[in-house]
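Engineer: Curious how this folds, go ahead:
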Amino acid sequence: MPAFSFRAQIMLCMLCTTVIAFCAPVYYARVVLHKAVLQETQNDILRKAEGLAQMLEGKDMDVLRPYALSAAAMGMRLSVIDAQGTVLLDTQQNDEKTKPDNHSDRPEVREALQAGQGTSLRYSLTLRDELVYAAVRCADGRVLRLAMPYVGVQEVLDKQVRSISLVACAALAVALLLALLLSAGIRRQLAHMVRVVENISLGNYDCRLRRVPGKEFMPLADAVNRMAQNINDQIKTMQDQAGQLASVLDTMDDGVLVLDGRGRVRRYNRAFMQLFPAARESQDAPVLAVVPDPHVQEAVEALLHSANESEQVREQHVQMEGVARSLNVHISAPAQPSAALGAVAVFRDVSALLRLERVRQDFVANASHELRTPLTAIQSYAETLAGMGGTAEQQQFCAVILKNSTYLRRLIDALLQLTRLEQAGTATLPMQPVDPRACLDDALAFCSAAIQARHLQVAEDIAPDLRVLGSEQHITQVFCNLLSNACRYAPEGSTLLARAQLHKDGMVALCIGDQGKGIPQAEQKRVFERFYRVEKHRGQGNTGLGLAICKHIVEAHGGHIWVQSPAEGYSTLFSFTLPQAAAAKEC
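Structural biologist: Below you'll find the predicted structure:
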């Protein structure tokens, strides 16, 4: 449907309103005037007929003929009709030999014979024209009838209607002119509104609407002005936020790379550009064009794919090892990914940290190795002096030296083992199917003295055909460390738990539990740190490295270790997972 302009709509509305406003009165006036003129004409003819009837009362037909001729000369028809309806005289019948007509069926004649006078408007078959009739009954019973053509009446009526129509046309022209002038003014003011809105849409948010066509447009003008002000405020806020974000990103030591929903480069900070100079000319380029590591590209693609598939994967970690530096890459996806923001990658240079870690490991390994020889000599001489006898005070001194040298020897051995685990990883572990029950039995034999001293019981729940993949020596050490801790904190006469059960993803969960005091919730995250002790006052009974060694051994096997306190009827439950191996065949 075609759309009309605002000006055309105003013109059309004024035209329709004016036409409707004048057509109805003209039509109504025509009907009323028709009735009024017809009634006036009938009354006039009726008065003339009454006058003639009084003048010609009792006169014969010869006297009436001159009046009939005079009526014909004035365009009127004069008829004299007797009481039976026979036409005695008619200006339209000049031939006396013609058989007279009978007009008793004419409505005006019939009404005059009955009521004394009558009128009608009808078509005359004699004159073949529409006439206005008026009939009057005389005292002698005859009826005098006058007729006048209706054409004259119609002409008078048409003349009056034409006058009214001319007035209506003049009013319509004035209305159209006023509508034209009004619409032109509104059009100019609307054009001003359109220009202001266009300027706002083009980014000139300082423009405001000052002129409006009328108060009806004031809400629109206020809404447009508020919209422009809100957009202006929001853009300033966004610019401030963008400036703050750029400042924060540029002051960061870590490189930041922002990617869109397709995994293309959208923006980066100064630190990233220093790490990867190719980023200067890499706008809208894939990650691989900037970061020459396929693992980073694969991690980004996996993250974006998981985000599109509505999965729960929101983070990826990649370790970039190079000759000059090592980078730790953390890639994360926003809570609601979009085409403009798909992922953010943070590149942290950990080269210095790795160098420090290697220095620390080398220092611990070298220092531990160098301390073993003098500690061995001190321990040997202390044992020799203790065996040579002497005073009680001398024996006490020898016992203190022997106790502390033994503790230092255990501490150095644990540090050396921890350092070897950190440096070797899984490379030197002999991975093979292992029976966890055999490892547990060896660990129980090693801890038998502590178990018997505290009168502890051990509840075992390990399937005989269960096998794990790993190093039997190291798994036994994990059991030993966990059982040693359990014996140290379990109440006398209590029961220890040793259990194995299938875990998810083809792993086996091995558990050691006790009924001691438990571990506070705030301490549970730190128990696997080096030298960390829940009870600091325990002194030299515990080196603080046992759980750290367990953690490195389990992770070297590809498993995970954790603690629950309380859990399943026990105050403390240490659990660790190992890969499941094929079940042993029965002989």
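Engineer: any low-confidence regions in the stretch 101-250 of the chain?
Structural biologist: Within the stretch 101-250 of the chain, the segments meeting pLDDT under 70 span 124-129, 151-154, 156-157, 211-214.
Engineer: for the stretch 451-587 of the chain, same thing?
Structural biologist: Short version for the stretch 451-587 of the chain, where the test is pLDDT under 70: 534-543, 582-587.
Engineer: Helices of that one, residue ranges please.
Structural biologist: In the stretch 451-587 of the chain, the helices defined using DSSP state H, counting those that start in this stretch lie at 472-489, 546-556.
Engineer: As JSON lines, these with distance to I200 and mean neighbour count would be great.
Structural biologist: Using the backbone N, CA and C atoms, a C-beta is placed for each residue, glycine as well. Output for the helices of the stretch 451-587 of the chain, formatted as JSON lines (distance: least, CB to CB, whole Å; neighbours: other CB atoms under 10 Å):
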{"stretch": "helix 472-489", "distance to I200": "71", "mean neighbour count": "21"}
{"stretch": "helix 546-556", "distance to I200": "61", "mean neighbour count": "21"}
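Engineer: for those helices, which one sits closest to K504?
Structural biologist: helix 546-556 (16.1 Å; CB to CB).
Engineer: Now do the helices in the stretch 201-350 of the chain.
Structural biologist: Under DSSP H, counting those that start in this stretch, the stretch 201-350 of the chain gives helices at 218-251, 270-275, 294-308.
Engineer: ok, the residue most central in space within the chain - contacts?
Structural biologist: Nearest to the geometric centre of the chain sits Q336, at 10.8 Å (CA atoms, centre = their mean). With contact set as CB atoms under 8 Å, 6 or more residues apart in numbering, Q336 has no partners.
Engineer: Let the chain start at 677 from now.
Structural biologist: Noted, 677 is the first residue going forward, which turns the last one into Q1012.
Engineer: can you list the domains in this structure?
Structural biologist: 682-833, 928-1025, 1030-1100, 1108-1255 (automatic domain parsing).
Engineer: can you tell which of those domains is closest to Q905?
Structural biologist: domain 928-1025 (25.7 Å).
Engineer: What's the end-to-end length of that closest one?
Structural biologist: 12 Å (CA to CA, to the nearest Å).
Engineer: So what's the gap between that domain and the chain middle?
Structural biologist: Centroid separation between domain 928-1025 and its chain, computed with CA atoms, centre = their mean, to the nearest Å, is 27 Å.
Engineer: Just the mean pLDDT for it, thanks.
Structural biologist: What domain 928-1025 shows for mean pLDDT is 81.
Engineer: where along the stretch 727-876 of the chain do the strands fall?
Structural biologist: Taking DSSP state E, counting those that start in this stretch, the strands of the stretch 727-876 of the chain run over residues 753-757, 763-766, 793-800, 805-813, 819-825.
Engineer: Using CSV, write out every CA atom in the shortest one.
Structural biologist: So the one you mean is strand 763-766. Extracted as CSV, the C-alpha positions of strand 763-766 are listed here (Å, rounded to 0.1, in the frame of the first residue of the first chain):
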residue,chain,number,x,y,z
VAL,A,763,-64.6,17.7,-18.6
LEU,A,764,-66.7,20.7,-19.6
LEU,A,765,-63.9,23.0,-20.5
ASP,A,766,-60.1,22.5,-21.0
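Engineer: residues in contact with I907?
Structural biologist: I907 neighbours (CB under 8 Å, 6+ apart): 876, 881.
Engineer: again, only this time at 6 Å
Structural biologist: Neighbouring residues of I907 by CB atoms under 6 Å, 6 or more residues apart in numbering: Y881.
Engineer: again with R946
Structural biologist: R946 neighbours (CB under 6 Å, 6+ apart): D926.
Engineer: Next one: it from V1022, what distance?
Structural biologist: Applying CB to CB, to the nearest Å, the value for R946 to V1022 is 14 Å.
Engineer: Likewise for Q793?
Structural biologist: 117 Å.
Engineer: Check T693 too.
Structural biologist: For T693 relative to V1022 (CB to CB), the value is 71 Å.
Engineer: Those two: which is more packed in?
Structural biologist: V1022 (18 against 13; other CB atoms under 10 Å).
Engineer: Is that one in contact with D930, as I believe?
Structural biologist: Yes - using CB atoms under 6 Å, V1022 is in contact with D930, at 5.2 Å.
Engineer: could the strands of the stretch 727-876 of the chain be laid out in a markdown table, adding mean neighbour count and distance to R1202?
Structural biologist: Shown next, in a markdown table, are the strands of the stretch 727-876 of the chain (neighbours: other CB atoms under 10 Å; distance: least, CB to CB, whole Å):
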| stretch | mean neighbour count | distance to R1202 |
| --- | --- | --- |
| strand 753-757 | 23 | 133 |
| strand 763-766 | 18 | 139 |
| strand 793-800 | 17 | 120 |
| strand 805-813 | 22 | 122 |
| strand 819-825 | 25 | 126 |
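Engineer: out of these, nearest to F1204?
Structural biologist: Closest approach to F1204 among the strands of the stretch 727-876 of the chain (CB to CB): strand 793-800, 122.0 Å.
Engineer: For that closest one, what is the distance to the chain centroid?
Structural biologist: How far strand 793-800 lies from its chain's middle: 83 Å, per CA atoms, centre = their mean.
Engineer: CA atoms only for that strand - export them in PDB, please.
Structural biologist: The C-alpha trace of strand 793-800 is given here as PDB (Å, rounded to 0.1, in the frame of the first residue of the first chain):
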ATOM      1  CA  GLN A 793     -60.300  21.400  -2.800                       C
ATOM      2  CA  GLY A 794     -57.300  19.200  -3.700                       C
ATOM      3  CA  THR A 795     -53.800  19.300  -5.100                       C
ATOM      4  CA  SER A 796     -51.400  16.900  -6.700                       C
ATOM      5  CA  LEU A 797     -48.100  16.500  -8.600                       C
ATOM      6  CA  ARG A 798     -48.300  14.000 -11.400                       C
ATOM      7  CA  TYR A 799     -47.500  13.300 -15.000                       C
ATOM      8  CA  SER A 800     -50.100  14.400 -17.500                       C
END
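Engineer: Within the sheet, what are the partner strands of it, with directions?
Structural biologist: The strands that strand 793-800 pairs with in its sheet are strand 805-813 (antiparallel) (by DSSP bridges).
Engineer: Identify all contacting residues around the strand it pairs with.
Structural biologist: With CB under 6 Å, 6+ apart, strand 805-813 has contacts from 717-718, 721-722, 725-726, 729, 784-785, 788, 792-797, 799-800, 819-826.
Engineer: Over to stretch 931-944?
Structural biologist: 925, 945, 947-948, 951, 955, 958, 960-961, 976, 980, 1015-1016, 1018-1023.
Engineer: Make a ChimeraX selection of whichever of those residues turn out to be buried.
Structural biologist: A single ChimeraX command suffices to select whichever of those are buried according to 16 or more other CB atoms under 10 Å:
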select :925,945,947,948,951,955,958,976,980,1018,1019,1021,1022,1023
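Engineer: Return the residues in contact with V1203.
Structural biologist: Here V1203 is in contact with L1223 (criterion: CB under 6 Å, 6+ apart).
Engineer: Can you report phi and psi for it?
Structural biologist: Dihedral pair for V1203: phi -70, psi -20, per degrees, to the nearest 10.
Engineer: Understood, closing this out.
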